[in-house]
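Turn this into a model:
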Amino acid sequence: MSAVVGDRYVVISSDGHAGLPPDRYKNYLEKKYHDAFDAALPIQIEMTKAAERRFLIADINAEWRRGRERALSGAWDSDARLEVIDGDGVAGEILFPDGITEMNSPPFGGGFSMPAEGVVPEPYSQEMLDMAWKFKKS
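Coordinates of the predicted model:
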C-alpha cells in the first residue's frame, strides 16, 4: 500500500533526556543539603565520566558533542529544546531526568549520581549507600 499525499503522522519521542548541568541543582535544594551536595558533586561527575569509559562511549560522546553545544543545551534550555524537536518534526516528548551524554544527571540518585560517603539523603537506605560506595571503589 502506498500512502496518500497529505497523510500526516504525529511523532512522539519516547527517549528524551533532560536535566540541568549538575552544579545548577544546588539552587533547588534546601540549605541543609548544600554541604552534602558540594561533597557529592565531584563524585557524581567522576562517576559519570567513569560510566562513559566503562560503556566505551567516552570518545564517541566527545566527538558527538563537538559542534552540538546549542542543541545539547536543550536538556535544560526550553528554547533550544523547542528548536531541536521542531527541527525533527516531533510533536511531544517523554523525558527522562538524566543524561550521560549531556553530563546532566540530577544529584542524589538520578542517573549515575551517588551521594557523598556517610551522607544519607531521605530516599537512600544505608544498604543503597553501601552499594554505591562499593561500586565507586571497584
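
Can you read off the backbone torsions of the nearest residue to residue 11 once chain neighbours are set aside?
For residue 11, ignoring the flanking residues on the chain, the nearest one in space by CB to CB, 6 or more residues apart in numbering is residue 90 at 5.1 Å. Where you see a C-beta, it was placed from the backbone N, CA and C, and this is true even at glycine. Phi and psi for residue 90, reported as degrees, to the nearest 10, are phi -90, psi 130.

how far away is residue 90 from residue 8?
14 Å (CB to CB, to the nearest Å).

Who has more neighbours out of the two?
It is residue 90, of residue 90 and residue 8, that has more neighbours when counted by other CB atoms under 10 Å, with 15 against 6.

So that one sits against residue 13, correct?
Yes. Using CB atoms under 8 Å, residue 90 is in contact with residue 13, at 4.9 Å.

anything in contact with each of those two?
Counting by CB atoms under 8 Å, 6 or more residues apart in numbering, residue 90 and residue 13 have no shared contacts at all.
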